[in-house]
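Enquirer: how would this look folded up:
(2 chains)
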Amino acid sequence: MTTLKTKQALPADGQLASASADTATRARHTPLVPSAGSRRVWLTLLGWGIALIIFFPILWMVLTGFKTEAEAIADPSLIFSPTLESYIAVQARADYFKFAMNSVVVAFGSTLLALAIAIPSAYAMAFLPTKRTKGTLLWMLSTKMLPPVGVLVPIYLLFRDFGLLDTRTGLIIVYTLMNLPIVVWMLYTFFKDLPRDILEAGRMDGASTFQEVIYLLLPLTLPGIASTGLLSVILSWNEAFWSLNLTSSSAAPLTAYIASFSSPEGLFWAKLSAASTMAIAPILVFGWLTQKQMVRGLTFGAVK
Amino acid sequence: MSKTRASGRTVGGLRSLSLQAPAVTLLLLWMLVPLGMTVWFSLQRYNLLMPGMEGFAGLENYEYLFTDPALWRAMGNTLLLVGSVLVITVGGGVLLAVLFQQEFPGRGIARVLAISPFFVMPTVSALVWKNMMMHPSNGVLSWVAELFGLPAVDWFSSLPLTSIIIIVAWQWLPFALLILLTAMQSLDDDQVEAARMDGAGPIAVFFYITLPHLKRAISVVIMIEMIFLLTIFAEIYVTTSGGPGLATTNLAFLIYIQALLDFDVGLASAGGVVAIVLANIVAIFLVRLVAKNLEN
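Expert: So this is what the prediction gives:
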């Protein structure tokens, strides 16, 4: 019954969008709609209902992590006495902090490296375009579309020969290259937004390309660079394919850590949940804190 | 200003190329070296389980691949997966963006909750869905079904591809929402106001003002999702391993099976080449289309 109601209420949001879009930004004067009050109640219920449904699997996972194994597979219940049992068991089995450290080093290392390589390139594309610039950009993006598994064997063999298997350096290299096309694209769009006159004024004053980038471009586009970096960190943190195939023990990040709990013998829900919660908590909080920044990056600056 | 604009496209020259060199060179290497090796392997008889059999195979691997129904099945699954998730996330994303644009108490928190799945690593979301949501006997979904007196569904054996689509859509709907919500915020209030003055109903406003306004954002969503959805791997690896049968095998997973489970480097490489060609077809058609849309 309630679901039916929700479904019918959805199209009505169209009208609400128009009705209160203006009131949302300006002073909160009451719209001249008679049923504004009850509409607000419905809106609240609907908004929160949908948000909770979407969030539910995460919430459930976090809760299950604090249950005992018996409670975890029993009928779903929100009432239980929380225990840290699973967390202790999980930590005893594999040192979380070692994996977390690898994730941090690899995610931030590859992001910094990608930014360092991408900034000059994006600068050139935005301010010194050539006939090939558009084509180069598209080509870069198309490299993102090739399934990693298509080149896994060669990469694996190369890594073996160069001694990069199961090293943080190896993973940083792969993640840098993996994110480079997107990082270049985003920076390009942010840089393009910058009025050219500003950089030209700098050039008139005799700034070299290097000075122009360091003193003008970077400070002015810092929010864009930050959001690009944030996305790169998140993508690297969550990447599973390369980390599973190129690391085994010493450089394994949290994605590999969690996979070790997915083996059939590891299917204890409370422990799995505890491990999962630990694996996603840092990046989830990071994502929450930076979501505003990130949207600009995610949309290549095309959506404001 | 007009001077630079006038010479616009060729202002770069050598300096531009040298600045782009590091990124371009690295990506070229990243693409060409493994790609070259993949193409080379694909022409070889190279199975790690059969040492001593190596040799030039010509197009044998490709012949085998193209006569194997698995390839067509995997291609079909790939397209179905990408297509369905795009429809769900874009459609749902637009509706949710309109909803979360409204003022209501706690809107900020509700938004944050709704976009959270995007930050969850694919392996974790797949595990949670597989074990705690879609588990046939103890999962939350079957518990809810029982509550309504419905039979529990054994998701992964009776609706394997649908299950994968649900999981992937759950991860990417928040992404679409995040982008579209931001786009909504730049909707011109005056325009909406004017339309309403002229007597446009809410549905008309949605179709004639909101939706066109979101066009650009939708393009971005489609383009980015396309890039990531074409190579979906972790969700399938963790939940169904491509099965039952080939029901959830996409192109990426098919190559994985051949390379790492059958140890047939030659055949897997041929599959890799096919996947790369397919990806580039998509890239040419779709990305060009979307990129054009983004330009103005």
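Enquirer: Quickly note the distance from A:E69 to chain B.
Expert: Distance, A:E69 to chain B, by Cβ to the nearest Cβ, to the nearest Å: 12 Å. Placement of C-beta: from N, CA and C, glycine included.
Enquirer: need the strands for chain B, in chain order.
Expert: Secondary structure of chain B, counting by DSSP state E: strands at B:44-45, B:55-56.
Enquirer: what about residue 96, neighbour count?
Expert: Just so you know, I chose chain A. 17 (other Cβ atoms under 10 Å in any protein chain shown).
Enquirer: you looked at the wrong chain, it should be chain B
Expert: By other Cβ under 10 Å, 27 other residues sit near B:L96.
Enquirer: shouldn't it be in contact with B:L113?
Expert: No: counting by Cβ atoms under 8 Å, B:L96 does not reach B:L113; the two are 11.9 Å apart.
Enquirer: Can you lay out the strands of chain B as CSV showing distance to B:P105, mean pLDDT and mean neighbour count?
Expert: Conversion of those to CSV gives the following (distance: least, Cβ to Cβ, whole Å; pLDDT from 0 to 100; neighbours: other Cβ atoms under 10 Å in any protein chain shown):
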stretch, distance to B:P105, mean pLDDT, mean neighbour count
strand B:44-45, 65, 80, 18
strand B:55-56, 70, 77, 9
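Enquirer: List the residues that contact A:F99.
Expert: Applying Cβ atoms under 8 Å, 6 or more residues apart in numbering or on different chains, we find A:F99 in contact with A:252-254, A:256-257.
Enquirer: Tell me which residue of the stretch 101-250 of chain B lies closest to chain A.
Expert: B:P202 (2.3 Å; Cβ to the nearest Cβ).
Enquirer: where's that residue relative to B:V192, distance?
Expert: For B:P202, the distance to B:V192 (Cβ to Cβ, to the nearest Å) stands at 10 Å.
Enquirer: Please apply the same query to B:L180.
Expert: Separation of B:L180 from B:V192 (Cβ to Cβ): 16 Å.
Enquirer: same check, this time on A:L164
Expert: From A:L164 over to B:V192 (counting by Cβ to Cβ), the distance is 56 Å.
Enquirer: And B:E60, by the same measure?
Expert: Counting by Cβ to Cβ, the gap from B:E60 to B:V192 is 63 Å.
Enquirer: Any stretches of the stretch 1-150 of chain A with poor pLDDT?
Expert: Applying pLDDT under 70 to the stretch 1-150 of chain A flags the ranges A:1-36.
Enquirer: that older thread, per-residue confidence for the residue of the stretch 101-250 of chain B closest to chain A?
Expert: Per-residue pLDDT puts B:P202 at 81.
Enquirer: Which secondary structure state does A:D166 sit in?
Expert: Using DSSP: H, G, I helix; E, B strand; the rest coil, the structure places A:D166 in coil.
Enquirer: That one: neighbour count?
Expert: Neighbour tally, A:D166, other Cβ under 10 Å: 15.
Enquirer: doesn't A:A256 make contact with it?
Expert: No: counting by Cβ under 8 Å, A:D166 sits too far from A:A256 to count as a contact (10.1 Å).
Enquirer: Between the two, which contacts overlap?
Expert: Common neighbours of A:D166 and A:A256 (Cβ under 8 Å, 6+ apart) are A:T247.
Enquirer: quick one: the residue of the stretch 51-200 of chain A at minimum distance from chain B and B:P105, what's the gap?
Expert: In the stretch 51-200 of chain A, the residue that lies nearest chain B is A:G150 (3.1 Å; Cβ to the nearest Cβ). Counting by Cβ to Cβ, the gap between A:G150 and B:P105 amounts to 49 Å.
Enquirer: So which of those two has more stuff around it?
Expert: Neighbour count, other Cβ under 10 Å: between A:G150 and B:P105, A:G150 has more, with 28 against 13.
Enquirer: In a helix, the more buried one, correct?
Expert: Yes: the assignment for A:G150 by three-state DSSP puts it in a helix.
Enquirer: measure it to A:R160 for me?
Expert: Distance, A:G150 to A:R160, using Cβ to Cβ: 18 Å.
Enquirer: before we move on, what about B:R45?
Expert: 21 Å.
Enquirer: Kindly report the same for B:L254.
Expert: 24 Å.
Enquirer: Next: B:E193.
Expert: The gap separating B:E193 from A:R160 is 65 Å, by Cβ to Cβ.
Enquirer: Could I get the contacting residues of A:F80?
Expert: Going by Cβ under 8 Å, 6+ apart, A:F80 touches A:66-67, A:71.
Enquirer: do the same with B:V273
Expert: A:150, B:38-39, B:42, B:62.
Enquirer: what do you get if the cut-off is 7 Å, keeping everything else the same?
Expert: If you count contacts by Cβ atoms under 7 Å, 6 or more residues apart in numbering or on different chains, B:V273 has them with B:38-39, B:42.
Enquirer: who in the stretch 101-250 of chain A is up against chain B?
Expert: A:117-118, A:120-121, A:123-125, A:128-131, A:136, A:138, A:140-155, A:177, A:180-181, A:184, A:196-197, A:234, A:238, A:240-241 (Cβ under 7 Å from any Cβ of the partner chain).
Enquirer: Turn the buried ones among these into a named PyMOL selection, would you?
Expert: Those of those that count as buried under 16 or more other Cβ atoms under 10 Å in any protein chain shown are selected in PyMOL with:
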select buried, chain A and resi 117+118+120+121+123+124+125+128+129+130+136+138+140+141+142+143+144+145+146+147+148+149+150+151+152+153+154+155+177+180+181+184+234+238+240+241
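Enquirer: and the closest residue to A:F108 other than its chain neighbours, how many residues sit next to it?
Expert: Excluding the flanking residues, the one nearest A:F108 by Cβ to Cβ, 6 or more residues apart in numbering or on different chains is A:V233, at 6.3 Å. By other Cβ under 10 Å, 25 other residues sit near A:V233.
Enquirer: okay, A:V233: pLDDT?
Expert: Note on A:V233: pLDDT of 91.
Enquirer: Do I have it right that it meets A:L112?
Expert: No: counting by Cβ atoms under 7 Å, A:V233 does not reach A:L112; the two are 9.7 Å apart.
Enquirer: Near A:Q91, how many other residues are there?
Expert: Using other Cβ under 10 Å, A:Q91 is surrounded by 15 other residues.
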